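1. Could you work out the structure for the sequence below:
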Amino acid sequence: MIRELTNSGAAWPQKKLTVGLSPASVPKSGAGFDLAVAAAVLGAAEVVDPGAITDLVLIGELGLDGRVRPVRGILPAVLAAAEAGYRQVVVPQQCAAEAALVPDVSVLGVRSLRQLIAVLTDGVVPDEDPPDRPGRPDPMLAGLTLPGAGLGIAHCAGGAEGLDLADVAGQRSARRALEVAAAGGHHLFLSGPPGAGKTLLAERLPGIMPPLTRQESLEVTAVHSVAGILPPGEPLVTTAPYCAPHHSATMQALVGGGSGLPRPGAVSLAHKGVLFLDEAPEFRPQVLDALRQPLESGQIVVARAAGVVRLPARFLMVLAANPCPCGRHTLHGAGCDCAPSSIRRYQARLSGPLLDRVDLRIEVEPVSRSDLLTEQGRGEDSATVAERVREARSRAAHRLADTPWRINSEVPGRELRTRWQPAPGALAQAERDLERGLLTARGLDRVLRVAWTVADLAGRDRPDPLDVAVALELRTGIARGVPLMTGERS
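-> Below is the predicted model of the structure:
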């Protein structure tokens, strides 16, 4: 701190200094306190007026040359300051746009401690060269591709720019399930041989989801800010994020953690977006089972010796798996060299409790030659499907206007059975499946949620027996003799 002050043209007080960070019981880490500590020292030495910094929140790291460097978590820090009643903040200039997202807060972005001293003393603000790489809060986490960064996420980005559903050949049932998943926020399991298009479908799911609302954008941006992965020049995340961790990801990479205070994991980085687990059976079982809590509650609670962190984790999960280790297993076993015991062990890696939380289960068939090589095999583009999804979500939001929920997947089953009941007799098939053990109580609730989404896509006021039959077929994979396309009646 002495060198930072002297290099900024300010004299270090020639006396013993004690800096207290309150409350003492809360562990502090990171360099984000540097700017505030330096300002406190200058105020104590009367280099600046102590009253000028009394109601000022200062966040930033100081380099040895006195430059103010960006830090992670600017947005949530400024939000907390605003909630505490502060209305003026000073942040690194690279983070000023991010801090300005908080309403009713005056933001000052500075490049160096010299500029801050000039502002506080009403002096001439010196010019400073712009940073070499603006908007990069933490170069060690840029792109989030380094295992040493503590998260090990293979890919995490916002939206699906340049990816269109029209690129997917065939797969009408899978495309339909993708639309239902986007409209209602339902989790999806895609099972099929390699090369059938499972990854293509998952990558295009964010492109048919509605843009984030202002509140959702702030929530997502706050998480990404803490993780240090906000793209340069784009302080606000406005599209549904997409995270696809590699199957070698650790528990900390998926749900959050690390040394010291826990850091966001993939489930939080995918908040209000899509978490895609390709080759799901290759993930360690305990890692997959750790998803069960956030799938139900929409948040993750990570407890460590340094503290407890509660992070948002309301995501849409997509699982993809091959039918067997070699991937060529079919109903007739053609071309598959795997032993039956090997196939059973492979499929058992996805636990029953985890799959019970998945609403839609689709068998992705190999793409036929005609679908791949002819125009008839091409389906609708993302814009067309996204419009239907938007209309379905609008219907659900209107129905749920006076409730804490906004999409069908969030509504508790008790409410669906009492407050928003389907048409008379619509649940007859589902009740029979429950009695036969094909559905659990949780499964019945999830069938109801999907049925409401199918009805919303079709523009109906409430689910009828065929909507419930579609939901049952999407969940159990057992053919019910009904088309999966909404609005069609045989």
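2. which SSE is residue 425 in?
-> Residue 425 belongs to no helix or strand when elements are defined using DSSP states H and E.
3. On the three-state scheme, residue 242 is what?
-> Of the three states, residue 242 takes strand under DSSP: H, G, I helix; E, B strand; the rest coil.
4. beta partners for it?
-> Beta-bridge partners recorded for residue 242 (DSSP bridges): residue 157, residue 274.
5. Could you pull out the helices in the stretch 101-250 of the chain for me?
-> For the stretch 101-250 of the chain, helices defined by DSSP state H, counting those that start in this stretch occupy the ranges 113-120, 172-184, 198-204, 214-227.
6. what stretches of the stretch 301-450 of the chain score poorly on pLDDT?
-> 305-306, 330-334, 376-377 (pLDDT under 70).
7. now the helices: where do they sit in it?
-> Going by DSSP H, counting those that start in this stretch, the stretch 301-450 of the chain shows helices at 340-347, 352-355, 369-373, 382-399, 413-418, 428-435, 441-458.
8. name the helices or strands packed onto the third one?
-> Secondary-structure packing of helix 369-373 (3 or more C-beta pairs under 8 Å, 6 or more residues apart in numbering; DSSP states H and E): no helix or strand packs against it. Quick note: C-beta positions are derived from backbone N, CA and C, even for glycine.
9. Relative to the whole chain's centre, how far out is that helix?
-> 35 Å (C-alpha atoms, centre = their mean, to the nearest Å).
10. Quick check: buried residues in that helix?
-> Buried residues in helix 369-373, counting neighbours by 16 or more other C-beta atoms under 10 Å, are found at residue 371.
11. Surely residue 447 and residue 472 touch.
-> Yes: at 5.8 Å, residue 447 and residue 472 qualify as touching, with contact defined as C-beta atoms under 8 Å.
12. who's in contact with residue 68?
-> Applying C-beta atoms under 8 Å, 6 or more residues apart in numbering, we find residue 68 in contact with 35, 60, 61, 62, 92, 93, 110, 111, 112, 113, 116.
13. Give me the phi and psi for it.
-> phi -100, psi 120 (degrees, to the nearest 10).
14. Residue 263 now?
-> Per degrees, to the nearest 10, the backbone of residue 263 is at phi -110, psi 160.
15. partner residues bridging it?
-> residue 257.
16. any idea how far it is from residue 28?
-> 15 Å (C-beta to C-beta, to the nearest Å).
17. Looking at those two, which has the bigger crowd around it?
-> Neighbours were counted for residue 263 and for residue 28 using other C-beta atoms under 10 Å; residue 263 has more, 23 against 12.
18. looking at the helices of the stretch 301-450 of the chain, which is buried most?
-> Comparing those by mean neighbour count (mean count of other C-beta atoms under 10 Å), helix 441-458 comes out on top with a mean of 24.
19. picking that back up, just the contacts of residue 68 now: which is nearest residue 183?
-> residue 92 (40.8 Å; C-beta to C-beta).
20. so what's residue 167 up against?
-> Per C-beta under 8 Å, 6+ apart, neighbours of residue 167: 200, 204.
21. ok, now with 7 Å
-> Shown in contact with residue 167 (C-beta atoms under 7 Å, 6 or more residues apart in numbering): residue 200.
22. Could you do residue 31 as well?
-> 61, 71 are the contacts of residue 31 under C-beta under 7 Å, 6+ apart.
23. What distance do you get for residue 182 to residue 353?
-> From residue 182 to residue 353 the distance is 25 Å (C-beta to C-beta).
24. typed the wrong thing, it's residue 372
-> Taken as C-beta to C-beta, the span from residue 372 to residue 353 is 37 Å.
25. can you check residue 207 too?
-> Distance of residue 207 to residue 353, computed by C-beta to C-beta: 31 Å.
26. With residue 55 instead?
-> From residue 55 to residue 353 the distance is 51 Å (C-beta to C-beta).
27. and if you look at residue 468?
-> From residue 468 to residue 353 the distance is 24 Å (C-beta to C-beta).
28. same thing with residue 83?
-> 37 Å.
29. quick revisit: would you mind giving the helices of the stretch 101-250 of the chain as JSON lines with distance to residue 284 added?
-> Output for the helices of the stretch 101-250 of the chain, formatted as JSON lines (distance: least, C-beta to C-beta, whole Å):
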{"stretch": "helix 113-120", "distance to residue 284": "47"}
{"stretch": "helix 172-184", "distance to residue 284": "25"}
{"stretch": "helix 198-204", "distance to residue 284": "21"}
{"stretch": "helix 214-227", "distance to residue 284": "22"}
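30. Turn the ones you listed into a markdown table, columns for mean pLDDT.
-> Below are the helices of the stretch 101-250 of the chain laid out as a markdown table (pLDDT from 0 to 100):
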| stretch | mean pLDDT |
| --- | --- |
| helix 113-120 | 90 |
| helix 172-184 | 93 |
| helix 198-204 | 93 |
| helix 214-227 | 92 |
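31. Can you say which of these is nearest to residue 393?
-> helix 172-184 (6.1 Å).
32. Just the buried residues of the closest one, please?
-> 173, 174, 175, 176, 177, 178, 179, 180, 181, 182, 183, 184.
33. thinking again about what came up before, and residue 243, which of the helices of the stretch 301-450 of the chain is closest to it?
-> Of the helices of the stretch 301-450 of the chain, nearest to residue 243 by C-beta to C-beta is helix 352-355, at 17.8 Å.
34. Check what contacts that closest one and list those residues.
-> Under C-beta under 7 Å, 6+ apart, the answer for helix 352-355 is 189, 288, 289, 291, 292.
35. at 10 Å what do you get?
-> Residues outside helix 352-355 that contact it (C-beta atoms under 10 Å, 6 or more residues apart in numbering) are 187, 189, 280, 285, 288-292, 295, 317, 319, 361, 440, 442-443.
36. Can you tell me which of these has the most neighbours?
-> Top of the contacts of helix 352-355 by neighbour count (other C-beta under 10 Å): residue 319, with 26 neighbours.
37. Dump the C-alpha coordinates for stretch 22-35 into PDB.
-> Provided in PDB are the C-alpha atoms of stretch 22-35 (Å, rounded to 0.1, in the frame of the first residue of the first chain):
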ATOM      1  CA  SER A  22     -15.500  -4.900  10.100                       C
ATOM      2  CA  PRO A  23     -17.100  -7.300  11.000                       C
ATOM      3  CA  ALA A  24     -14.000  -9.200  12.100                       C
ATOM      4  CA  SER A  25     -15.900 -12.500  12.100                       C
ATOM      5  CA  VAL A  26     -16.500 -12.500   8.400                       C
ATOM      6  CA  PRO A  27     -13.500 -13.700   6.400                       C
ATOM      7  CA  LYS A  28     -12.200 -11.200   3.800                       C
ATOM      8  CA  SER A  29     -10.400 -12.200   0.600                       C
ATOM      9  CA  GLY A  30      -9.400 -10.600  -2.600                       C
ATOM     10  CA  ALA A  31      -8.000  -7.200  -3.600                       C
ATOM     11  CA  GLY A  32     -11.200  -5.400  -3.900                       C
ATOM     12  CA  PHE A  33     -10.700  -3.600  -0.600                       C
ATOM     13  CA  ASP A  34      -7.500  -1.800  -1.800                       C
ATOM     14  CA  LEU A  35      -9.100   1.400  -3.100                       C
END
